[in-house]
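Visitor: Next come a sequence and a model predicted from it.
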Amino acid sequence: MKTIGMIGGMSWESSVEYYKLVNEGIHQALGGVHSAKSVMVSVDFAEIEVLQKNGRWEEATQMMVTAARQVEAAGADFLIICTNTMHKMADEVQAAIQIPLLHIADAAAAAVLERGIHTVGLLGTRFTMQGDFYKRRLADKFGLKVYTPVATDQDIVHNIIYEELVLGKILPSSKAAYQKIMLNLADLGAEGVILGCTEIGLLVKQTDCSLPLFDTTLLHAQAAVQYALEA
């Protein structure tokens, strides 16, 4: 079994889910009292959030590189970054370490294509929805057509993440708002929706939407388990 390396804390609410999911996955695969071999470096999200908000991406990149090197030095065989937004600097992180980085968008795209879907909606932070680092990878590497919400809906999605979900607040009114936004994406032509923020799966479940939902936290953790168990 390979040792799974994780950069967490963005937010710790979803990092807890990652830790739970990778251990459940290893146990389900191997049985007995097996659990995942893992190393996690957890950053202070308050520091990251300030850099994101002020567009100080070079400093944020250096923080991710430092954390990745710490994970590698601790003995990890590969790395996952337990957040979608900070894959903005995935290439720089990969270039700074010798172990492989498993990209969260790749895990999502593989699941989308497995369902025979080629047009998806994307929910996430404003940085993920408006930037091209995530959408471009889905389009160029996997041939997916990606829709994002209109600007006003993007504001709602983003604010709920940063003002509620990262703080562990799960509100019925916010779930209803997300449900409406996902219906709007369906009207645009989306055949499924990628939950492109690792906290969104804490708020909405498959039973909350008629479209197939692709929870990136779950899919990324599953990809890590699969890679950890490969010969």
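Guide: Here it is on my side, so go on. Small disclaimer: the values here were computed from a predicted structure and weren't measured.
Visitor: hey, let's count contacts and neighbours off CA atoms from now on
Guide: OK.
Visitor: OK, contacts around residue 196?
Guide: 84, 122-125, 128, 215-216 (CA atoms under 8 Å, 6 or more residues apart in numbering).
Visitor: Could you find the closest non-adjacent residue to the spatially most central residue of the chain?
Guide: What sits nearest the mean C-alpha location of the chain, by CA atoms, centre = their mean, is residue 84, with 3.7 Å. Nearest residue to residue 84 in three dimensions, chain neighbours excluded: residue 197, at 5.5 Å (CA to CA, 6 or more residues apart in numbering).
Visitor: ok, the one you found - contacts?
Guide: Per CA under 8 Å, 6+ apart, neighbours of residue 197: 83-85, 123-125, 216-217.
Visitor: thinking again about what came up before, just among the contacts of residue 196, which is most surrounded?
Guide: When neighbours are counted by other CA atoms under 10 Å, residue 216 leads the contacts of residue 196 with 27 neighbours.
Visitor: tell me the phi and psi of that one?
Guide: phi -70, psi -30 (degrees, to the nearest 10).
Visitor: wait, doesn't it sit right on residue 110?
Guide: No - with contacts counted by CA atoms under 8 Å, residue 216 stays clear of residue 110, the gap being 11.0 Å.
Visitor: can you list the domains in the protein?
Guide: What automatic domain parsing lists as the domains of the chain is 4-103+219-229, 105-215.
Visitor: Including mean pLDDT, could those domains go into CSV?
Guide: Formatted as CSV, those follow (pLDDT from 0 to 100):
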stretch, mean pLDDT
domain 4-103+219-229, 98
domain 105-215, 97
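Visitor: residue ranges of the helices in this protein, please?
Guide: 12-30, 45-53, 57-73, 90-96, 104-114, 126-130, 133-142, 151-163, 172-188, 216-229 (DSSP state H).
Visitor: which secondary structure elements does the second one contact?
Guide: By that I understand helix 45-53. helix 57-73 (3 or more CA pairs under 8 Å, 6 or more residues apart in numbering; DSSP states H and E).
Visitor: got the contact list for residue 69?
Guide: Residue 69 sits next to 96-97 when contact means CA under 8 Å, 6+ apart.
Visitor: for residue 80, same thing?
Guide: By CA under 8 Å, 6+ apart, the neighbours of residue 80 are 4-7, 101-104, 220, 224.
Visitor: if I look at it, how far off is residue 58?
Guide: Applying CA to CA, to the nearest Å, the value for residue 80 to residue 58 is 20 Å.
Visitor: Kindly report the same for residue 38.
Guide: 28 Å.
Visitor: What number of residues are in the vicinity of residue 79?
Guide: With other CA under 10 Å as criterion, residue 79 counts 27.
Visitor: Quick check, it in contact with residue 97.
Guide: No - judged on CA under 8 Å, residue 79 makes no contact with residue 97 at a distance of 9.4 Å.
Visitor: I appreciate the help and will end here.
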